[in-house]
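1. Based on what follows, work out the 3D shape:
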Amino acid sequence: MTHPLITATALADALEGAYPPRVLDCRARLGEPDAGRRLWWEAHLPGSYHLDLDWDLAGSPGQGGRHPLPTPAAFTAVVQGLGITPEQPVVVYDDMGGQLAAARAWWMLACWAGHPDVRVLDGGLKAWLAAGGELQEDGDPEALPAGSDWQPVYRDQSHISIDEVLADSALKVDARSRERFRGESEPIDPVAGHIPDAVCRPSADNLAGDGHFKSAEELASELPEAESLIAYCGSGVTACHTILAYAVAGRPLPRLYPGSWSEWIRDPSRPVATGD
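-> Here you go, the predicted structure:
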């Protein structure tokens, strides 16, 4: 796996090179299914394509949580429709430091589908503009490049099911805010709290004040350590930011619990903890 981040200047150079990457706009807003498409329509990196959190990066909400993984067949259709092949580099970006939903796209392409060269634009849209990058303000969100016939070999060991979470002693790392973890606030799901014995590492703590990722050394010193780790959040989206932070730090990657809190609480018999 290549280094998971790319700077805005390096991306600008790559786009002018002989083998430009496929750039995917992954901006999203939780609770606003049409926001990503609208944001792409208003302005986006030149030549980028819209990759939708709710339609492309998740299956239908239900017993598996708010953003369960799509089936491998469904995601294969998405990547083929975007013309993605293992030979072409891919760069994903958003405007939330990777939290919504570039890190989810990175995880699904690199960790799950096994694409060898996927990177997240460090600092996102803000970094692109700060580096003098221009935006494109027209385009058809339905337009797609020539398709591909790539058949990813999915790595099921990269994620974990609810039954496995219940039986696994791995340290669970919760990427939500400390207020949501402690059960003091829950703006999205109907039950507040966290999975017992989990630790809280908000995804926002992976970023410096300028919205870029902290250094590998700083992340390595801050991220929870255990022999085995599981990353979760509200619905398996910002948990991918936690996994990305481990990759930046050069540490072994946690497994993703895709259903996360929104699946956990669907069965009232599952224990719920509050406080620290």
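2. How far off centre is stretch 264-273?
-> When distances are taken as C-alpha atoms, centre = their mean, to the nearest Å, stretch 264-273 is centred 25 Å away from the chain's centroid.
3. Can you mark which positions in it are buried?
-> 264, 265, 266 (16 or more other C-beta atoms under 10 Å). C-beta here means a position set from N, CA and C on the backbone, and glycine is covered the same way.
4. how about the CA coordinates for it, as PDB?
-> In PDB, the C-alpha atoms belonging to stretch 264-273 read as follows (Å, rounded to 0.1, in the frame of the first residue of the first chain):
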ATOM      1  CA  TRP A 264     -25.200  -2.000  18.100                       C
ATOM      2  CA  ILE A 265     -28.200  -0.300  19.600                       C
ATOM      3  CA  ARG A 266     -30.800  -2.000  17.400                       C
ATOM      4  CA  ASP A 267     -30.900  -4.900  19.800                       C
ATOM      5  CA  PRO A 268     -31.800  -3.700  23.300                       C
ATOM      6  CA  SER A 269     -30.200  -6.700  24.900                       C
ATOM      7  CA  ARG A 270     -26.700  -5.500  23.900                       C
ATOM      8  CA  PRO A 271     -25.000  -3.600  26.800                       C
ATOM      9  CA  VAL A 272     -24.600   0.100  26.700                       C
ATOM     10  CA  ALA A 273     -22.000   2.100  28.700                       C
END
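5. hmm, who's touching it?
-> 63, 65, 162, 165-166, 183, 189-191, 193-198, 232 (C-beta atoms under 8 Å, 6 or more residues apart in numbering).
6. Could you export the buried residues of stretch 264-273 to a markdown table, including columns for pLDDT?
-> Output for the buried residues of stretch 264-273, formatted as a markdown table (pLDDT from 0 to 100):
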| residue | pLDDT |
| --- | --- |
| 264 | 98 |
| 265 | 98 |
| 266 | 97 |
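7. which of the contacts of stretch 264-273 sit farthest apart?
-> Using C-beta to C-beta, those reach their maximum pairwise distance at 63 and 197, which is 23.6 Å.
8. Below-threshold pLDDT in the stretch 1-150 of the chain: ranges please.
-> Within the stretch 1-150 of the chain, the set of residues satisfying pLDDT under 70 comprises 1.
9. residue boundaries of the helices in it?
-> 8-15, 35-42, 72-81, 102-106, 124-130 (DSSP state H, counting those that start in this stretch).
10. Next, count neighbours for residue 3.
-> Applying other C-beta atoms under 10 Å, we find 11 residues neighbouring residue 3.
11. again, but for the one 3 residues further on
-> Around residue 6 there are 21 other residues, counting by other C-beta under 10 Å.
12. ok, it to residue 71 distance?
-> According to C-beta to C-beta, to the nearest Å, residue 6 and residue 71 sit 29 Å apart.
13. One more: residue 262?
-> 19 Å.
14. list the buried ones in the strand or helix carrying residue 221?
-> Remark: residue 221 resides in helix 216-222, with elements defined by DSSP states H and E. Going by neighbour count (16+ other C-beta under 10 Å), the buried part of helix 216-222 is 216, 219, 220.
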